[in-house]
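Colleague: after the sequence you'll find the predicted model.
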Amino acid sequence: MHGYRAPRAFDGERALPDGALVLVDDSRIVAVEPASAPAPADCPVTELPDATLLPGLIDAHVHLCGDGGPHALDHFPELSDAELDAIVGRSLADQLAGGVTAVRDLGDARWAVVDRHRRRGDGPTVVAAGPPITSLAGHCAGMGGEAAGEQELRRAVRERAEHGADVVKIMVSGGLMTTTTDFLVEQFTLEELRAVVDEAHGLGLPVTAHAHGVPAVQRCLAAGVDGIEHGTCVTLEGIRMPPGLADALAAAGIPVCPTFGRVPGVLPPPHILEQLARTHMAWEDRYPQIGELHRAGVVLAGGLDSGINPAKPHGLAREALVELGISGLSAAEALAAGTSVAARVCGLADRTGRLAPGLDADLLAVVGDPLADLTALREVRLVVSRGREAVLG
């Protein structure tokens, strides 16, 4: 048994006013006591007097096959399986170094993550979708998930179930990282999207949908998907949330992962800046849109879209939480979005996301108090992943 003591703590849902002594045995949390509580006899304790202790962060939108370079999603056909595996390994190590102890991979190449990295005994816990389902020559087609027509789409869903995927990802609109697609245009009809949802639900799998334009988001709502990625609601005149859309998403219980975050001060690649200019959209325009979703009661999950370009490398899930705070969430709500809420959205609530007995011993200690200033998440003091100390600063 080993203990971790800090004068400040957040358990994934609320602040613990008396700090915490978290007791870990093997890979599990066995007790959470006030910081003043004595440790059991012969139990060593790591003292963290300058830190806040909280659950390890969860990045609900990553691409572990993406190396964070300017062509991260373009060169998969050129890479061998060994090269893909090496990228995935580095990505997981970077996530862990940034305080992330669980990730949801929403698009790999050639089943690399689903088949070979989902059940690793070390590093972050991995939930994975496999290659995202996309239209012919559609967004991220290079990952290998092209399908057309209801029957092919249903077969694609069954293929993901056969590989053991945890979730089905579908590209309902084009995307910014595939320059041959238009992120304002839908890639599938409502009937096709409903067929994917129906097939997946019949197999016990949730469906999360990539959607940027307003019609794509509305189509996701009408089809009954289980989650929306990005949910930007962009038009040629900028971000425009139609009246009632946020309320409808909240009423339907569809969570949104805004994937809003980047390396501070680093701009997106030039081709993305061109599209932002075309649609009269600035980075700052997302703050009020995300705030509107939050005020309507839409569940927001922390996620970065990690690995897709130099502005979004692996290990920066904290930046998505900082942006949620700027968008109007309280610090506690933003921290929950990256821990307990993300765990629920990723299907991991019975394993991680909270400081609670019986859950995986996924812990993060940061210097300072993120409940007072979310940027404290940038100074990692300690990371424990399933009971193993991974980072000790």
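Modeller: Cool, the structure landed. Numbers count the residues shown, from 1 in each chain.

Colleague: other SSEs contacting the helix or strand hosting residue 218?
Modeller: Residue 218 belongs to helix 214-223 when elements are defined using DSSP states H and E. Contact partners of helix 214-223 among helices and strands, from 3 or more CB pairs under 8 Å, 6 or more residues apart in numbering; DSSP states H and E: helix 190-202, strand 207-213, strand 227-235, helix 245-252. Any C-beta I mention is one placed from the backbone N, CA and C, and that applies to glycine too.

Colleague: and for the second one, what are the contacting residues?
Modeller: When contacts are defined by CB atoms under 8 Å, 6 or more residues apart in numbering, strand 207-213 is touched by residues 106, 129, 132, 139, 167-176, 183-186, 193, 196-197, 200-201, 216-217, 219-220, 223, 225-235, 257.

Colleague: just the buried subset of the residues you listed, please.
Modeller: Restricting the contacts of strand 207-213 to buried positions leaves 106, 129, 132, 139, 167-176, 183-184, 186, 193, 196-197, 200, 216-217, 219-220, 223, 225-235, 257, with burial counted as 16 or more other CB atoms under 10 Å.

Colleague: which residues of the stretch 251-393 of the chain score low on pLDDT?
Modeller: Within the stretch 251-393 of the chain, the stretches with pLDDT under 70 are 393.

Colleague: where exactly do the helices run in it?
Modeller: 270-278, 286-296, 317-326, 331-337, 340-345 (DSSP state H, counting those that start in this stretch).

Colleague: break the chain into its domains for me.
Modeller: Per automatic domain parsing, the domain ranges recorded for the chain read 2-55+354-392, 57-345.

Colleague: deepest of those domains, which one?
Modeller: domain 57-345 (a mean of 21; mean count of other CB atoms under 10 Å).

Colleague: show me what contacts residue 101?
Modeller: The contact partners of residue 101, taken as CB under 8 Å, 6+ apart, are 55-58, 124-125, 352, 360, 362-364, 383-386.

Colleague: in strands only, show me those residues.
Modeller: 55, 57-58, 125, 363-364, 383-385 (DSSP state E).

Colleague: is it possible to export those residues to CSV including distance to residue 269?
Modeller: What follows is these, written out as CSV (distance: CB to CB, whole Å):
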residue, distance to residue 269
55, 33
57, 25
58, 26
125, 30
363, 35
364, 30
383, 30
384, 35
385, 31
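
Colleague: now do the SS call for the residue nearest in space to the middle of the chain.
Modeller: Centroid-nearest residue in the chain: residue 60, 1.5 Å away (criterion: CA atoms, centre = their mean). Secondary structure for residue 60, judged by DSSP: H, G, I helix; E, B strand; the rest coil, is strand.

Colleague: repeat for residue 121
Modeller: At residue 121, secondary structure determined by three-state DSSP is coil.

Colleague: re the thing from before, between the contacts of residue 101, which sits nearest residue 143?
Modeller: residue 124 (20.6 Å; CB to CB).

Colleague: now do the contacts for that closest one.
Modeller: So residue 124 contacts 56, 92, 95-96, 100-103, 385 (CB under 8 Å, 6+ apart).

Colleague: from these, which land in strands?
Modeller: Under the assignment DSSP E, those contribute 100-103, 385 to strands.
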